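A.B. asks: no sequence for this one, just the structure:
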């Protein structure tokens with residue numbers, strides 16, 4: 001038995017990832033990591049009586065290349081005499097309908113497929129091929145996005161499926177790096193396919209992998225993987241402790257004193273985790289600014305979009321309120337930006353846009369032209385009118401605020417507000433509001449590679465803000 005196989009077997013047993021005789025659904029994309037995982041589990045299955053099923057999800061993002069991935073996995077499963085199941089979906093179209101990024105839509109569809117097959121075949125364990133380099137990339141990706149300890153802890157060796165909590169996801173390769181997997185593939189003549197999009201600089205994760213990490217290893221810390229994995233382990237253990245403490249204390253919050261505990265006297269980390277867990281249960285994005293607004297004041301409703309708001313009671317319990325909106329237009333215009341420069345008209349507003357990679361491009365003095373980070377906006381946008389409950393974070397503002405309040409501060413009459421046009425990015429967040437400053441979250445930065453030049457004008461000059 002090779003060193004890698006012995007290591008994988010030891011981790012599976014020590015961490016109780018897969019038990020003797022278990023049924024396992026192996027998620028295989030056709031890339032290096034998942035093909036190594038499949039071969040390793042197949043070689044070990046005879047010793048442990050595992051019953052493997054191979055599952056492949058075709059994202060239809062790379063045309064013929066995606067179909068070639070599926071053919072390789074299907075052929076490999078047949079050679080191993082293992083059951084094979086596959087499904088395909090138009091991820092781009094789903095992302096548009098769900099108002100998600102392509103990455104998040106792909107993840108949602110993929111895990112939904114795995115959970116569906118697992119339930120149908122009465123399988124409780126899904127094996128994924130995440131490895132140590134994935135962990136490092138994820139750490140820096142989340143660090144740059146301002147994640148807390150839970151996010152920085154990264155992926156766990158095992159966790160519940162996001163599509164079905166009764167199904168376990170296990171990651172037997174989580175402490176092995178890409179070089180070790182490539183060596184195993186060479187020695188065992190394992191065929192796999194490379195995804196060309198992994199080398200594109202259009203995606204932040206790829207720039208972290210191909211630019212940032214090599215620079216850090218070369219100039220700052222040769223043992224970066226070991227150092228970061230140790231940090232993630234420490235942060236993860238502390239995050240688990242906070243989560244456990246918060247869960248226990250949360251049960252006492254609704255009890256009256258002196259039996260219960262006082263929310264305001266709890267450590268800040270516990271307060272934040274209690275609020276975060278409740279927001280997740282309410283299907284509300286638990287960003288830091290929202291958590292802090294709720295933590296620092298009780299009884300004050302904070303808008304969370306789509307006509308909903310939340311408020312914290314004195315004891316720390318959150319209350320969700322659904323607000324009714326009247327008199328607002330529900331019409332919208334979806335625009336695909338992948339075609340490059342173009343123009344459109346929505347209501348009384350004419351727009352045209354173009355793209356540039358020139359970092360010298362600056363916003364001119366005229367107020368009807370703005371410049372955004374094109375990558376943050378994504379490939380599709382939605383133009384629509386203002387809705388009650390909309391939140392927006394203008395550049396320079398530390399957190400998002402209700403558009404209604406921003407309009408009031410700008411002394412914009414109610415009748416005019418309902419005709420104003422707003423633009424949503426691919427992820428559903430508002431990046432532009434007619435007449436207001438651009439969004440803080442979509443402004444240019446040192447990391448910006450591609451710029452969206454956004455020009456707008458009202459048909460009637462006297463209506464322009």
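C.D. replies: Arrived safely. None of the values given here were measured: they were computed from a predicted structure. Numbers count the residues shown, from 1 in each chain.

A.B. asks: Count residues in the vicinity of residue 287, would you?
C.D. replies: Other residues near residue 287 number 15, with proximity taken as other C-beta atoms under 10 Å. All C-beta atoms are positioned from the backbone trio N, CA, C, and that covers glycine.

A.B. asks: got a list of what it touches?
C.D. replies: With contacts defined as C-beta atoms under 8 Å, 6 or more residues apart in numbering, residue 287 is in contact with no residue.

A.B. asks: how does the chain divide up, domain by domain?
C.D. replies: 3-200, 226-322, 332-463 (automatic domain parsing).

A.B. asks: I'd like these as CSV, with distance to residue 210 and mean pLDDT appended.
C.D. replies: CSV is the format used below for the domains of the chain (distance: least, C-beta to C-beta, whole Å; pLDDT from 0 to 100):
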stretch, distance to residue 210, mean pLDDT
domain 3-200, 7, 91
domain 226-322, 17, 80
domain 332-463, 13, 82
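
A.B. asks: Turn the ones you listed into TSV, including distance to residue 209.
C.D. replies: Converted to TSV, those look like this (distance: least, C-beta to C-beta, whole Å):
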stretch	distance to residue 209
domain 3-200	5
domain 226-322	13
domain 332-463	14
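
A.B. asks: I'd like to know which of these is closest to residue 212.
C.D. replies: Residue 212 sits nearest to domain 3-200 of all these, at 6.4 Å, using C-beta to C-beta.

A.B. asks: what's the single longest helix in the protein?
C.D. replies: If you go by DSSP state H, the chain has its longest helix at helix 224-253.

A.B. asks: Just checking the distance from it to the centre of its chain.
C.D. replies: Centroid separation between helix 224-253 and its chain, computed with C-alpha atoms, centre = their mean, to the nearest Å, is 20 Å.

A.B. asks: do the same with stretch 346-355
C.D. replies: 29 Å.

A.B. asks: One more: stretch 446-457?
C.D. replies: With C-alpha atoms, centre = their mean, you get 23 Å for stretch 446-457.

A.B. asks: what comes up buried for the longest helix of the chain?
C.D. replies: Residues of helix 224-253 classed as buried under the neighbour-count rule (16 or more other C-beta atoms under 10 Å) are 224-225, 228-229, 232, 235-236, 239, 242-243, 245-246, 249-250, 253.

A.B. asks: Kindly report the same for stretch 91-107.
C.D. replies: 91-92, 94-96, 99-102, 105-106.

A.B. asks: could the residues you listed go into JSON lines alongside distance to residue 297 and secondary structure?
C.D. replies: JSON lines is the format used below for the buried residues of stretch 91-107 (distance: C-beta to C-beta, whole Å; DSSP: H, G, I helix; E, B strand; the rest coil):
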{"residue": "91", "distance to residue 297": "40", "secondary structure": "helix"}
{"residue": "92", "distance to residue 297": "41", "secondary structure": "helix"}
{"residue": "94", "distance to residue 297": "38", "secondary structure": "helix"}
{"residue": "95", "distance to residue 297": "36", "secondary structure": "helix"}
{"residue": "96", "distance to residue 297": "37", "secondary structure": "helix"}
{"residue": "99", "distance to residue 297": "30", "secondary structure": "coil"}
{"residue": "100", "distance to residue 297": "31", "secondary structure": "coil"}
{"residue": "101", "distance to residue 297": "32", "secondary structure": "coil"}
{"residue": "102", "distance to residue 297": "37", "secondary structure": "helix"}
{"residue": "105", "distance to residue 297": "35", "secondary structure": "helix"}
{"residue": "106", "distance to residue 297": "38", "secondary structure": "helix"}
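
A.B. asks: which one of the domains of the chain lies closest to residue 215?
C.D. replies: Nearest of these (C-beta to C-beta): domain 3-200, 11.5 Å.

A.B. asks: that older thread, neighbouring contacts of the following helix or strand past the longest helix of the chain?
C.D. replies: Later in the chain than helix 224-253, the nearest helix or strand by DSSP states H and E is helix 268-281. Contacts with helix 268-281, where a contact means C-beta under 8 Å, 6+ apart, come from 148, 150, 242-243, 245-247, 249-250, 253, 263, 266, 285-286, 290-292, 294-295, 310, 312, 316-318.

A.B. asks: swap the cut-off to 7 Å and go again
C.D. replies: Residues from elsewhere that reach helix 268-281 (C-beta atoms under 7 Å, 6 or more residues apart in numbering): 242-243, 245-246, 249-250, 263, 286, 291, 294-295, 312, 316, 318.

A.B. asks: Let's check: the centremost residue of the chain is which one?
C.D. replies: Residue closest to the mean C-alpha point of the chain, counted by C-alpha atoms, centre = their mean, is residue 104 at 5.2 Å.

A.B. asks: and the helix or strand encompassing that residue, what other elements does it pack with?
C.D. replies: For residue 104, the host element (DSSP H and E) is helix 102-120. On a contact count with 3 or more C-beta pairs under 7 Å, 6 or more residues apart in numbering; DSSP states H and E, helix 102-120 meets strand 23-27, strand 51-58, helix 91-98.

A.B. asks: Return the set of buried residues in the second one.
C.D. replies: What it means is strand 51-58. By neighbour count on 16+ other C-beta under 10 Å, the buried set for strand 51-58 is 52-58.

A.B. asks: now the helices: where do they sit in the stretch 251-400 of the chain?
C.D. replies: Assigned by DSSP state H, counting those that start in this stretch, the helices in the stretch 251-400 of the chain fall at 268-281, 288-296, 374-377.

A.B. asks: any chance of the ones you listed in TSV, with distance to residue 18 and mean neighbour count too?
C.D. replies: Below are those laid out as TSV (distance: least, C-beta to C-beta, whole Å; neighbours: other C-beta atoms under 10 Å):
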stretch	distance to residue 18	mean neighbour count
helix 268-281	29	19
helix 288-296	37	17
helix 374-377	39	22
